[in-house]
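*Asks:* Sequence below, structure please.
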Amino acid sequence: MDWANFLVMRRTHATLMSEFGVNGKLVADELGHSLDVSQNVYTQSPVENRLPAVSQLEKRLLVCNRSTYRAQIEACIYKLLISLERETGIEPATFSLGS
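*Replies:* This is a model prediction of the structure:
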């Protein structure tokens with residue numbers, strides 16, 4: 001298990017604690033980081049949570065791809081981002097599926 005280094009263990013710990021519903025501040029304290037670092041660096045989004053968002057994006061982009069004009073595609077993507085913001089409450093600039 002050479003791949004299971006210290007960083008993998010920290011990320012696994014942070015992600016599992018998040019999935020178990022443990023308060024994010026407690027996890028951050030355990031990791032010795034601020035809540036921001038704990039949530040944005042160590043906690044990973046489960047694939048099960050990402051799949052619906054990616055599927056929704058793919059479905060909407062397929063509609064956009066029917067148009068070949070750049071301005072129309074850009075307008076379609078803008079409308080998509082606005083609708084995602086309305087549905088999720090997440091601003092387009094911060095909408096991320098993580099790594």
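
*Asks:* Please enumerate the helices of this protein.
*Replies:* In the chain, the helices defined using DSSP state H lie at 6-19, 24-31, 35-37, 47-64, 70-88.

*Asks:* any chance of those helices in a markdown table, with mean pLDDT and mean neighbour count too?
*Replies:* Where you see a C-beta, it was placed from the backbone N, CA and C, and this is true even at glycine. Shown next, in a markdown table, are the helices of the chain (pLDDT from 0 to 100; neighbours: other Cβ atoms under 10 Å):
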| stretch | mean pLDDT | mean neighbour count |
| --- | --- | --- |
| helix 6-19 | 85 | 14 |
| helix 24-31 | 88 | 16 |
| helix 35-37 | 84 | 13 |
| helix 47-64 | 75 | 12 |
| helix 70-88 | 73 | 13 |
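
*Asks:* and Thr43, what does it touch?
*Replies:* Thr43 sits next to Arg11, Ala14, Thr15, Ser18, Gly24, Val27 when contact means Cβ atoms under 8 Å, 6 or more residues apart in numbering.

*Asks:* Columns distance to Leu61 on top of the residues you listed, output as CSV?
*Replies:* Output for the contacts of Thr43, formatted as CSV (distance: Cβ to Cβ, whole Å):
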residue, distance to Leu61
Arg11, 29
Ala14, 31
Thr15, 28
Ser18, 29
Gly24, 32
Val27, 34
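
*Asks:* Which two among those are spaced furthest apart?
*Replies:* Arg11 and Gly24 (14.4 Å; Cβ to Cβ).

*Asks:* how's the protein carved up into domains?
*Replies:* 6-42, 49-91 (automatic domain parsing).
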